[in-house]
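Chemist: Give me a 3D structure for the following:
(chains A and B)
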Amino acid sequence: NAGVMQNPRHLVRRRGQEARLRCSPMKGHSHVYWYRQLPEEGLKFMVYLQKENIIDESGMPKERFSAEFPKEGPSILRIQQVVRGDSAAYFCASSHTFIRGTGETQYFGPGTRLLVL
Amino acid sequence: GQQLNQSPQSMFIQEGEDVSMNCTSSSIFNTWLWYKQDPGEGPVLLIALYKAGELTSNGRLTAQFGITRKDSFLNISASIPSDVGIYFCAGQKGETSGSRLTFGEGTQLTVNP
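Modeler: Got it, this is the predicted structure:
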């Protein structure tokens, strides 16, 4: 699954600061998903985007969190005024358009580990 | 919210042994996937299953999509030390683009040489 890039890999913020996480999807993929993983838990869906559009943000907290996927450049997950509970690993996944019979496999990046002090 | 029940939570086995883990759900999924996650890395896709009853292999790994579409299992034969990691099942409901993955809580596998 070479190609899903995330940066930074590790991010340390103090309470109240902003965190910006970046994701570049695999070449040819136009669908981006963000997931959050708390320690020793599975991944939880946050938001699904296509180029310039947020399609499903039902898993994302309504306050302080936002996401975008501009026409040019990476997808950004932005967390404003971070709190300690935001400490987690944030993963981006990308996929091509759904194909009947083979579905829409999501390929994951290496994640950004956010630590809020 | 929707949950997948994955078991066992952890396994400690000897090198060469076979391993089996499974996932169940209270609702139907149209796709089942199995991922492996190494420490500090993202999940890597192992096997994807698209049809109820489907049995698919990838080397020493075999996975099945349950007939009821509410469960799946993963078998690893003749385990080796590099099989160590966390294995996640994931279900996908949709049959169009944009279908989120719902993950199990993971099975931590330890292989003793």
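Chemist: Enumerate every residue touching the residue lying closest to residue A:20 once chain neighbours are set aside.
Modeler: Among residues not flanking residue A:20 along the chain, residue A:78 sits closest, at 5.4 Å (C-beta to C-beta, 6 or more residues apart in numbering or on different chains). Every residue, glycine included, has its C-beta placed from N, CA and C. Residues in contact with residue A:78 (C-beta atoms under 8 Å, 6 or more residues apart in numbering or on different chains) are A:18-21, A:65-68.
Chemist: Bridge partners for residue A:78, pull those for me.
Modeler: With DSSP bridges as the criterion, residue A:78 is bridged to residue A:20, residue A:66.
Chemist: And the pLDDT at residue A:42?
Modeler: The model reports residue A:42 with a pLDDT of 87.
Chemist: sorry, that was for residue B:40
Modeler: For residue B:40, pLDDT reads 89.
Chemist: and it, helix, strand or coil?
Modeler: coil (DSSP: H, G, I helix; E, B strand; the rest coil).
Chemist: Tell me, how many residues neighbour it?
Modeler: Burial of residue B:40 is recorded as 11 neighbouring residues (other C-beta atoms under 10 Å in any protein chain shown).
Chemist: re earlier: which of the contacts of residue A:78 lies closest to residue B:38?
Modeler: Distance to residue B:38, by C-beta to C-beta, is smallest for residue A:21 among these, at 20.4 Å.
Chemist: Check the burial of that closest one by counting its neighbours.
Modeler: 22.
Chemist: Now do the contacts for it.
Modeler: Per C-beta under 8 Å, 6+ apart, neighbours of residue A:21: A:6, A:8, A:11, A:76-79, A:90, A:92, A:112, A:114.
Chemist: So which of those wins on neighbours?
Modeler: In terms of neighbours by other C-beta under 10 Å, the contacts of residue A:21 top out with residue A:92 at 30 neighbours.
Chemist: Poorly predicted segments of chain B, please.
Modeler: B:1-2, B:95-98 (pLDDT under 70).
Chemist: 80 - rerun?
Modeler: For chain B, applying pLDDT under 80 flags the ranges B:1-3, B:94-98.
Chemist: How about the residues of it by chain A?
Modeler: Residues of chain B lying near chain A by C-beta under 8 Å from any C-beta of the partner chain: B:4, B:6, B:30-31, B:33, B:35, B:40-45, B:48, B:50, B:88, B:90, B:92, B:94-106.
Chemist: make it 7 Å
Modeler: When proximity is defined as C-beta under 7 Å from any C-beta of the partner chain, chain B approaches chain A at B:31, B:41-45, B:48, B:50, B:88, B:92, B:96-101, B:103-106.
Chemist: I'd say residue A:16 and residue A:83 touch.
Modeler: No. Here residue A:16 does not reach residue A:83: they are 8.3 Å apart, not a contact under C-beta atoms under 7 Å.
Chemist: Tell me where chain A has strands.
Modeler: A:5-7, A:10-13, A:19-24, A:31-37, A:43-50, A:53-56, A:65-68, A:75-79, A:88-95, A:107-108, A:112-116 (DSSP state E).
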